[in-house]
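Undergrad: Quick one: sequence plus predicted model below, questions after.
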Amino acid sequence: MRLSSARMAFFAKGLAIGFCIAAPVGPIGVLCIRRSLAEGRVMGLVTGLGAATADAAYGAMAAFGLTAISDFLVGQKFWLSLVGGIFLLYLGVRTFVSRPAQQAANASGAGLAGTYVSTLFLTLTNPMTILSFVAVFAGIGFGTDKSYATASILVLGVFLGSAAWWLILSSGVALLRSRVNETWMRTVNRFSGAIICAFGVYALARIRSYG
């Protein structure tokens, strides 16, 4: 079935939204870079796909007009920031002290599942993700066609746009892996861990404003 020009436009908007929200280098971006270097392109991509799934979930809330759910989550931003901040600190410390991988991890088993789920959880507990989607969807004027088909097309675009960014990032960074040695990778681990910890501290520091 061919898409109407209006729905194609919403699909294109979804692609742009997903790509642009994923692109800024935050804790997930740093984590994707580090995992792509240390464990290979697949692990980096799976990290990004966890974030893309969370982006699509929040995009669905905005696109389908699930304001009760989004309002509830925004109202819980204190606890989301607390849990997310603590998890970032844990992840940052673990990254900082970890030894560089000697070879890329196998693309199978609990490693991939754990990577995907942890990144999904980390993105879902970020209140700024919710607020970003609410603001962006309000800005593009979604609402002239509130059919489920149009909303689904828009959410699909968000997921694919976000996934496209993570594919580009993980593939590009993985190309550098063969050019770095263990000392360089240890530096990357410590630098990445410090940045992730800084994001965790920032998330916890913002809790006061949510009180």
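TA: Received, thanks. Numbers count the residues shown, from 1 in each chain.

Undergrad: What part of this structure, helix or strand, is modelled with the least confidence?
TA: helix 67-75 (a mean of 63; mean pLDDT, DSSP states H and E).

Undergrad: what comes into contact with whichever helix or strand comes after that helix?
TA: Reading on from helix 67-75 to the C-terminus, the next helix or strand found by DSSP states H and E is helix 77-97. For helix 77-97, the surrounding residues in contact (C-beta atoms under 8 Å, 6 or more residues apart in numbering) are 27, 31, 34, 73, 118, 121-122, 125-127, 130, 189-190, 192-204, 206-207, 210-211. Where C-beta positions appear, they are placed from N, C-alpha and C, glycine not excepted.

Undergrad: Quickly note the distance from the spatially most central residue of the chain to Met185.
TA: When C-alpha atoms, centre = their mean is applied to the chain, the residue found nearest the centroid is Ala51 (2.9 Å). Separation of Ala51 from Met185 (C-beta to C-beta, to the nearest Å) stands at 23 Å.

Undergrad: All the strands of the protein, residue numbers only.
TA: Applying DSSP state E to the chain gives no strands.

Undergrad: right, and the residue nearest to the centre of the chain touches Pro24 too?
TA: No: the criterion here is C-beta atoms under 8 Å, and Ala51 misses it with Pro24 at 11.7 Å.

Undergrad: Report whether the expected contact of Ala34 with Arg190 is present.
TA: To be clear, residue 34 is Arg; Ala isn't right here. No: if you go by C-beta under 8 Å, Arg34 and Arg190 don't touch, sitting 10.3 Å apart.

Undergrad: Those two: who's more crowded?
TA: Shown here are Arg34 and Arg190; by other C-beta atoms under 10 Å, Arg34 has more neighbours (24 against 14).

Undergrad: Identify the residues contacting that one.
TA: Neighbour list for Arg34: 95, 188-189, 192 [criterion: C-beta under 8 Å, 6+ apart].

Undergrad: How about Asp55?
TA: Here Asp55 is in contact with 18, 21-22, 123, 129, 133, 158-159, 162 (criterion: C-beta under 8 Å, 6+ apart).

Undergrad: Please name the spatially closest residue to it (chain neighbours excluded).
TA: Distance criterion C-beta to C-beta, 6 or more residues apart in numbering; nearest residue to Asp55, sequence neighbours excluded, is Ser162 at 4.5 Å.

Undergrad: what about the one you found, neighbour count?
TA: 29.

Undergrad: From Gly50, how far off is it?
TA: From Ser162 over to Gly50 the distance is 10 Å, taken as C-beta to C-beta.

Undergrad: Same check on Leu204?
TA: 22 Å.

Undergrad: out of those two, which sits in the busier spot?
TA: For Leu204 versus Gly50, neighbours defined as other C-beta under 10 Å are more numerous around Gly50 (24 against 16).

Undergrad: Give me the subset of the contacts of Arg34 lying in helices.
TA: Counted as lying in helices by DSSP state H, out of the contacts of Arg34, are 95, 188-189, 192.

Undergrad: Taking these, tell me the two that lie furthest apart.
TA: Maximum pairwise distance in the ones in helices among the contacts of Arg34, criterion C-beta to C-beta, is 9.4 Å, between Thr95 and Val188.
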